[in-house]
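Novice: predicted model, plus sequence, below.
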Amino acid sequence: MAWKWYDATLVKTEEINPDVRRFWLKTEEEVPFEPGQFVTMDLPISEKRLKRWRSYSIASKTDDPMLEFCIVKLEGGAGTKFLFEDFKIGDQLKFKGPSGTFVAPQNPDFDIVMICTGTGVAPFRPMIYDLLESQKTKQSIHLIFGTRTEAGILYREEFESLAKAYPNFQYSVALSRQEHWDGPKGYVHPIYLEHYGEKRTDIKFYICGWSKMIDETVANLFAKLKYDRSQIIYELYG
Ligand SMILES: Cc1cc2nc3c(=O)[nH]c(=O)nc-3n(C[C@H](O)[C@H](O)[C@H](O)COP(=O)(O)OP(=O)(O)OC[C@H]3O[C@@H](n4cnc5c(N)ncnc54)[C@H](O)[C@@H]3O)c2cc1C
């Protein structure tokens, strides 16, 4: 789909926890997008055009009436300051998009492992709904989500419900700094190393988030477990 500029109005926000906020933007025109794509917002944070641009994955389903974004506060970030302090309900901004090739595969004949930390889960939300509900895939989908504490688990109820409703959807949460937690403690890495430590050709890994986690995951899958480069697909946030 070709990208273009859209005018959008902020209609709703919700604080998931003190660090992460959901933003719902409404556009006059429909924004057709593929699940997993992002838009680039032109934020009023600099005189220079290129310094104003920040990209955010679309976290809403393709048929939702508004676009949703799930954004983390980054200490000292210029975009963060604008979005979390200055951007109010009724305010407008422009964004261009949708962009990106990190999208849900069509009729996959392979199993899918999605690995993310924090707001890296954003593109996976529409991808998972698309794969399970629209494409009705029977392939296995395993979402592996990592964060520090229980309060940082994003869209938890939704993913837990999907895991109950769809036997082919598995949801694992790794918490690195939570004292009492029944699930896996630590980072995301031991989870996929345990489940997929034996190389398979009928599987693809989708990874989304910040560079440290992505670098470590790619090194594990590619260098350690010898998965083929074509089986590892990622979206780097920064
Ligand atoms: C394709 C794409 C999709 C994205 N989607 C999302 C999304 O859905 N949700 C979301 O929350 N973010 C997303 N991002 C990240 C987002 O675009 C911004 O980079 C982020 O919000 C920080 O912008 P800022 O203006 O607040 O910080 P900036 O002013 O750009 O940066 C402030 C400082 O923080 C440093 N910094 C950058 N990353 C980190 C980090 N992880 N930890 C510590 N310091 C850091 C920078 O080097 C800089 O010095 C996405 C990025 C890309 C490329």
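Specialist: Arrived safely. Numbers count the residues shown, from 1 in each chain.

Novice: apart from its neighbours in sequence, what residue is nearest Gly209?
Specialist: Excluding its sequence neighbours, the residue lying closest to Gly209 (Cβ to Cβ, 6 or more residues apart in numbering) is Gly120, at 3.1 Å. (C-beta placed from N, C-alpha, C; glycine too.)

Novice: hang on, that neighbour in a strand?
Specialist: No: assignment of Gly120 by DSSP: H, G, I helix; E, B strand; the rest coil gives helix, placing it outside any strand.

Novice: count the neighbours of it for me.
Specialist: If you count neighbours by other Cβ atoms under 10 Å, Gly120 ends up with 28.

Novice: contacting residues for it?
Specialist: If you count contacts by Cβ atoms under 8 Å, 6 or more residues apart in numbering, Gly120 has them with 208-210, 213, 235, 237.

Novice: roughly how far does it sit from the ligand?
Specialist: Gly120 sits 8 Å away from the ligand, going by Cβ to the nearest ligand atom, to the nearest Å.

Novice: distance of that residue from Trp210?
Specialist: Using Cβ to Cβ, to the nearest Å, Gly120 is found at 7 Å from Trp210.

Novice: take the contacts of Gly120 and write them to CSV, including secondary structure and distance to the ligand.
Specialist: Output for these, formatted as CSV (DSSP: H, G, I helix; E, B strand; the rest coil; distance: Cβ to the nearest ligand atom, whole Å):
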residue, secondary structure, distance to the ligand
Cys208, strand, 8
Gly209, strand, 8
Trp210, coil, 4
Met213, helix, 9
Glu235, strand, 6
Tyr237, coil, 4
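
Novice: so which of these is the most crowded?
Specialist: Of the contacts of Gly120, with other Cβ under 10 Å as the count, Cys208 tops at 26 neighbours.

Novice: and that one, what are its bridge partners?
Specialist: Following DSSP bridges, Cys208 is listed with bridge partners Cys116, Glu235.

Novice: fine by me, we can end here.
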